[in-house]
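Visitor: Sharing a model prediction with you, sequence too.
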Amino acid sequence: MSIAFVILAAGQGTRMNSDLPKVLHQIGGAPMLVHAIRAAEFQDPSRIVVVTGHGGEAVGKAALDYQPMVDIAEQGEQLGTAHAVAQARSALEGFEGDVIVLYGDTPFVQTETLEKMREARAAHDVVVLGFEAADPGRYGRLVMDGKNLERIVEFKDATEEERRITLCNSGVIAANAQVLFGLIDAVGNDNASGEYYLTDIIGLARGRGLSAGAVTCDEAETLGVNSRAELSTAEALFQARRRAEALEDGVTLIAPDTVHFAFDTVIGRDSVVEPNVVFGPGASVESGVTVRAFSHLEGCHVSRGSVVGPYARLRPGAELAEDVKIGNFVEIKASRVDRGAKINHLTYVGDAEVGEEANLGAGTVTCNYDGVMKHQTRIGARAFIGSSTMLVAPVSIGDDAMTGSGSVITQDVEPGALAIGRAKQVTKPGLARKLFEMLKAQKAKKQQGAE
Ligand code: UD1
Ligand code: CA
């Protein structure tokens, strides 16, 4: 059965107290909306429609930046969840399979749960995702009749008795596209909020002799974000889940609570991550890697057997081959570092290629930026870069070449050559002692004058 998703993301999110549309606030380094799109993607959908309204342009752009196959449907006025889904109708023209409605601000719905809902469609025309709420608060309530769902009643419209129901509506609903839009056409707005409630389609479906049912999931999965406090709770929950997954996948986390993951972090088996490491988006680490304490990795790839940190920073485009060593206070950006190279201390490598087993001394800097343009540096295999060498790009150091410590290298160095680019040393015997005496005498004179 082919599947399509409609992701509702038009709401304002007033309680976020923010200029940023709610669904663009981030969890694990990605907008909440991207989490919802990813949940949809795992189902291999034919279409994904994102319904935008408040901050629509930015929301649409974020969706398309992440997934260009997404369709954007605009909801001019936010007249309710049924009205929001109705906006997706033209984007789903000709689509004959099932539609699942998700919310852009409910980022944790799990793959298995969506699969359960798809299976439940064999038994029911409309399937709703519900959860047993510890504190049902203002959620819509599922009114069940045995295995059948009778209707959903919104908190505002519920009787005292209905409010005592603890089985709540998550908002996720699945139905055949034609059936769904047929039901939505019949939804009115004669209720406590004056809104077109998507939840009304259940009662309408039952009235038409269709069947409805509920699938349930853990409350944590349907966690919605409406405030900064809830955003921080969601982030904590996301991190807890990712840490548990990493441990499960055979990664050693010495202090799991101090390691922060992004939505797409990949870490191979038997890698060790020391305390206080942060993974930004786009980091992948192969097996058997050690990421030492206080390192920050983003948009990078680290191959088998490499050691990174402590206090290292891998920025986007850092590509480390096997058995590379990146030490303390080293930053690597948009550079490839080949097998066995060592860059151990206080170094910046940007827009560069570093050959196999090259060794970069402490304080090496690729001077890659001239204030206007970025330039490339190439360091050959087994090259030895003396401490505090400034490599003024564009520049190339040949295989097996060497640079003297403190050199400023502005011209290419051929393979096997030694380049020294620094002022010649001058030594004046006895002059330091004389200078000290002179300075001390000056200081004593000054102090006398002050008394
Ligand atoms: C909705 C459900 C409620 C459920 C709860 C779960 C309805 C009528 N009620 O209530 O049963 O328990 O979610 O969180 O569906 N949106 C639009 N356009 C609109 C209105 C809403 O895109 O015109 C989007 C919002 O951005 C949000 C989602 O739909 O992502 C839910 O809307 P919201 O107003 O938060 O619904 P609730 O009142 O919480
Ligand atoms: Ca809500």
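Guide: Looks like it came in fine. Ligands and ions are numbered 1, 2, ... in the order given.
Visitor: what about the residue lying closest to G363 once chain neighbours are set aside, distance to I409?
Guide: Spatially, and ignoring its direct neighbours in sequence, G363 is nearest to S388 (4.0 Å; C-beta to C-beta, 6 or more residues apart in numbering). In this view, the C-beta of every residue, glycine as well, is placed from N, C-alpha and C. Computed as C-beta to C-beta, to the nearest Å, the S388 to I409 distance reads 11 Å.
Visitor: quick revisit: dihedrals phi and psi, the residue nearest to G363?
Guide: phi 60, psi 40 (degrees, to the nearest 10).
Visitor: Quick check: residues of the stretch 101-250 of the chain near ligand 1?
Guide: Residues of the stretch 101-250 of the chain lying close to ligand 1 by C-beta under 6 Å from any ligand atom are 103-105, 139-140, 152, 154, 168-171, 197-199, 224.
Visitor: Helices of this structure, start to end?
Guide: Taking DSSP state H, the helices of the chain run over residues 32-41, 56-66, 81-86, 111-120, 160-163, 177-185, 200-207, 228-248, 431-450.
Visitor: Contacts only, for the closest residue to ligand 1 within the stretch 251-400 of the chain.
Guide: Nearest to ligand 1, among the residues of the stretch 251-400 of the chain, is F263, at 18.8 Å (C-beta to the nearest ligand atom). Contact analysis of F263 by C-beta atoms under 8 Å, 6 or more residues apart in numbering lists I27, G28, G29, A30, V34, H35, R38, F238, P281.
Visitor: Pull up the per-residue confidence for it.
Guide: Note on F263: pLDDT of 97.
Visitor: next one: E451
Guide: pLDDT at E451 comes out at 78.
Visitor: and it, how many neighbours?
Guide: 4 (other C-beta atoms under 10 Å).
Visitor: now it: how far from K445?
Guide: Distance of E451 to K445, computed by C-beta to C-beta: 11 Å.
Visitor: still on that earlier bit, between the residues of the stretch 101-250 of the chain next to ligand 1, which is nearest ligand 1?
Guide: G140 (2.2 Å).
Visitor: Might you report the residue contacts of the residue nearest to N176 when sequence neighbours are not counted?
Guide: Nearest residue to N176, sequence neighbours excluded (C-beta to C-beta, 6+ apart): D98, at 5.6 Å. Residues in contact with D98, defined by C-beta under 8 Å, 6+ apart, are M1, S2, I3, A4, R118, R121, A174, A175, N176, A177.
Visitor: just the buried members of those residues?
Guide: Burial by neighbour count, judged by 16 or more other C-beta atoms under 10 Å, picks out I3, A4, R118, R121, A174, A175, N176, A177 from those.
Visitor: Look up phi and psi at the fourth one.
Guide: Okay, so that is R121. phi -60, psi -20.
Visitor: From A312, how far off is it?
Guide: 49 Å.
Visitor: so F384 sits right up against V354, yeah?
Guide: No: under the criterion of C-beta atoms under 8 Å, F384 is not in contact with V354, lying 11.9 Å apart.
Visitor: Quick check: bridge partners of the residue nearest to N176?
Guide: I3, N176 (DSSP bridges).
Visitor: That one and A122: what is the separation?
Guide: Taken as C-beta to C-beta, the span from D98 to A122 is 11 Å.
Visitor: Which one of the helices of the chain lies nearest to G340?
Guide: Among the helices of the chain, the nearest to G340 by C-beta to C-beta is helix 228-248 (26.9 Å).
Visitor: contacting residues for the residue nearest to C168 when sequence neighbours are not counted?
Guide: Take C168 and drop its neighbours on the chain: the residue closest to it by C-beta to C-beta, 6+ apart is Y139, 3.7 Å away. With C-beta under 8 Å, 6+ apart as the criterion, the residues that contact Y139 are A133, F155, C168, N169.
Visitor: Return the members of those residues classed as buried.
Guide: Buried among the contacts of Y139 by 16+ other C-beta under 10 Å: A133, F155, C168, N169.
Visitor: And those, which is closest to L435?
Guide: For the buried ones among the contacts of Y139, the nearest to L435 is A133 (79.4 Å; C-beta to C-beta).
Visitor: Tell me the bridge partners for the closest residue to the closest one other than its chain neighbours.
Guide: Sequence neighbours aside, C168 is the residue nearest to A133 in space, at 4.5 Å (criterion: C-beta to C-beta, 6+ apart). Beta-bridge partners recorded for C168 (DSSP bridges): F131, R141.
Visitor: Low-confidence ranges, the stretch 201-350 of the chain, go.
Guide: By pLDDT under 70, the stretch 201-350 of the chain contains no weakly predicted segment.
Visitor: at 90 instead, please
Guide: Applying pLDDT under 90 to the stretch 201-350 of the chain picks out residues 224.
Visitor: What about the spatially closest residue to L167 that is not a sequence neighbour, how many residues nearby?
Guide: Take L167 and drop its neighbours on the chain: the residue closest to it by C-beta to C-beta, 6+ apart is L142, 4.5 Å away. Residues near L142, counting by other C-beta under 10 Å, number 27.
Visitor: who's in contact with L142?
Guide: V128, G130, L149, I152, I165, L167, C168, N169, A214.
Visitor: residue contacts, the first one?
Guide: The neighbourhood of V128, defined by C-beta under 8 Å, 6+ apart, consists of 142, 149, 152, 169-170, 172-174, 202, 212-215.
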